[in-house]
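Chemist: quick one, fold the following:
(one chain, ligands or ions: 1)
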Amino acid sequence: MSASILVACATRYGSTQEVAEAVAAALREGGQAVDCQPAKNVRSLDGYGAVVLGAPLYMFHWHKDAKSFLSRHQQALMVRPVAVFAMGPLKDEAKDWQDVRAQLDKELLKFPWLAPVAAEVFGGKHDPAKLTFPHNLIPALKQMPATDIRDWAAIRAWAVGLTAKLQTKH
Ligand SMILES: Cc1cc2nc3c(=O)[nH]c(=O)nc-3n(C[C@H](O)[C@H](O)[C@H](O)COP(=O)(O)O)c2cc1C
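Modeler: As a prediction, the model looks like this:
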């Protein structure tokens, strides 16, 4: 039996964690053993044959916990298949998707050693009533309507397609 898959995530308001759990559930349905953990809590990748890392974009940057996860585990990640996803456009418009894709690509360029087997952008969730400091001081964010454009069918389909790509290299 193949080693377990780690789905590691970073989140601030919880929407990325819910997506990570959906990805983990879809991988489990495919017969994989999967752990889903906050990226900041992961001390070692021993025992994991492959990794999925998911995190939201904030102010054009991938969540710091995702970036520190990559730096901390570089050696182990270089010898395992890694898939990544980022959240998230808040409007389902072509320009927004393109811009966010470019944001993720730019962030990934900071890790030239990383060759993800898959890299995807998913729509995000925004609830102005739940914003915490300092986001709750930004009028544009407070005035934005609540939205949730996470496409659960697309998330599941992506995860199902990952199973073959995450087969261990060794
Ligand atoms: C202050 C703030 C800044 C954001 N900046 C970006 C951004 O630069 N790019 C993007 O695609 N989404 C951005 N978003 C949207 C979030 O990525 C989206 O709401 C995501 O679902 C949040 O994930 P979380 O619930 O796991 O924290 C921003 C949201 C907030 C509140």
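Chemist: need the contact list for the residue lying closest to Ser44 once chain neighbours are set aside.
Modeler: In this structure, Ser44 finds its nearest non-sequential neighbour in Ala76, 7.6 Å apart by Cβ to Cβ, 6 or more residues apart in numbering. Yep, even glycine has a C-beta here, placed from its N, CA and C like the rest. By Cβ atoms under 8 Å, 6 or more residues apart in numbering, the contact list for Ala76 reads 44-46.
Chemist: confirm that Arg28 sits in a strand.
Modeler: No: Arg28 sits outside any strand when classified using DSSP: H, G, I helix; E, B strand; the rest coil, being helix.
Chemist: next, the contact list for it, please.
Modeler: Here Arg28 is in contact with Val34 (criterion: Cβ under 8 Å, 6+ apart).
Chemist: can you tell me how far it is from Gly161?
Modeler: Arg28 is 15 Å from Gly161, where distance means Cβ to Cβ, to the nearest Å.
Chemist: please apply the same query to His61.
Modeler: With distances taken as Cβ to Cβ, His61 is found 27 Å from Gly161.
Chemist: and Glu107, how close does it get to the ligand?
Modeler: Using Cβ to the nearest ligand atom, to the nearest Å, Glu107 is found at 10 Å from the ligand.
Chemist: centre of the chain to the helix or strand encompassing that residue, how far?
Modeler: Assigned by DSSP states H and E, Glu107 belongs to helix 94-109. Between the centre of helix 94-109 and the centre of its chain there are 14 Å (Cα atoms, centre = their mean, to the nearest Å).
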